[in-house]
Each structure stands twice: as structure tokens, then as C-alpha cells.
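J.: please work out how this folds:
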Amino acid sequence: MGLATRTEKGWEIVNSAPAIAIQRVVKANDSIDLGELKFLIPLTEHLELSDHWFVVQIDETSLDGDDLENADGVSFAHSDRKIFTRLLY
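T.: As a prediction, the model looks like this:
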């Protein structure tokens, strides 16, 4: 869980909480209850929140197939990019 901001080529994660290992096998269309999770995202003194949004990075390993070299991947989920702008009004 972290904060992302725009770059010339798209976006990047600039501040993030330590990763939490879930270590669960999930099949397509499965869901899991992670219970209550708490994240502490470090903020720098001069961070302008209105230029950032929440992003969740999900590191995953595919257990299907024979290509073990390409088994690892990453997915992202994010909030509305203007989530903090709304707080200013």
C-alpha cells in the first residue's frame, strides 16, 4: 500500500508501507478475507497530498504452466487519482 504520483511516462509509487506477505493460493474468481489490515505510509514533510493517490501493489506467482522463469508478476489497484484533492474543499 502506498502513494503514487504522475511522471512524464505515467506514474510511480513514491511512498509505501512495508509489504505484508499473504501466502495464500487463490484460484480465478476466488476471494479471501484478509481481516483488518493496517498500513503506515511514511510521509515526507513537504509532500503535497493533492498530487498523489493510493495504490496497492500485488506481487503474485502463477502456479500454472511449465514456464517457471515467467511465473512471477505484479498487479496494481488504485483509488481515484483526485482522492486527496476532495479533502481540500
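
J.: now name the helix or strand holding the most far-flung residue of the chain relative to its centre.
T.: Going by CA atoms, centre = their mean, the residue of the chain most distant from its centre is D66, 27.8 Å out. Counting by DSSP states H and E, no helix or strand carries D66.

J.: what is the burial count for R24?
T.: Burial of R24 is recorded as 8 neighbouring residues (other CB atoms under 10 Å). (Each C-beta comes from the backbone N, C-alpha and C, glycine too.)

J.: got the confidence number for it?
T.: Predicted confidence (pLDDT) for R24: 85.

J.: spatially, which residue comes closest to it, not counting chain neighbours?
T.: Distance criterion CB to CB, 6 or more residues apart in numbering; nearest residue to R24, sequence neighbours excluded, is I32 at 5.7 Å.

J.: just checking, that neighbour touches V26?
T.: Yes - with contact defined as CB atoms under 8 Å, I32 reaches V26; the gap is 6.1 Å.

J.: picking that back up, quick check: the residue farthest from the centre of the chain vs E60, distance?
T.: D66 sits at a distance of 18 Å from E60 (criterion: CB to CB, to the nearest Å).

J.: cool, S75 as well?
T.: Applying CB to CB to S75 and E60 gives a distance of 6 Å.

J.: neighbour-wise, which of these two wins?
T.: For S75 and E60, the more surrounded residue by other CB under 10 Å is E60, and the numbers stand at 12 against 9.

J.: ok, that one - contacts?
T.: D72, G73, V74, S75 (CB atoms under 8 Å, 6 or more residues apart in numbering).

J.: narrow those residues to those in strands?
T.: D72, G73, V74, S75 (DSSP state E).

J.: what helix or strand is the nearest residue to the third one once chain neighbours are set aside on?
T.: So that's V74. Take V74 and drop its neighbours on the chain: the residue closest to it by CB to CB, 6+ apart is D59, 5.7 Å away. Per DSSP H and E, D59 falls inside strand 52-61.

J.: ok, and the closest non-adjacent residue to the residue nearest the centre of the chain?
T.: Centroid-nearest residue in the chain: V56, 1.4 Å away (criterion: CA atoms, centre = their mean). Counting by CB to CB, 6+ apart, the nearest residue to V56 once its immediate chain neighbours are dropped is A77, at 4.6 Å.
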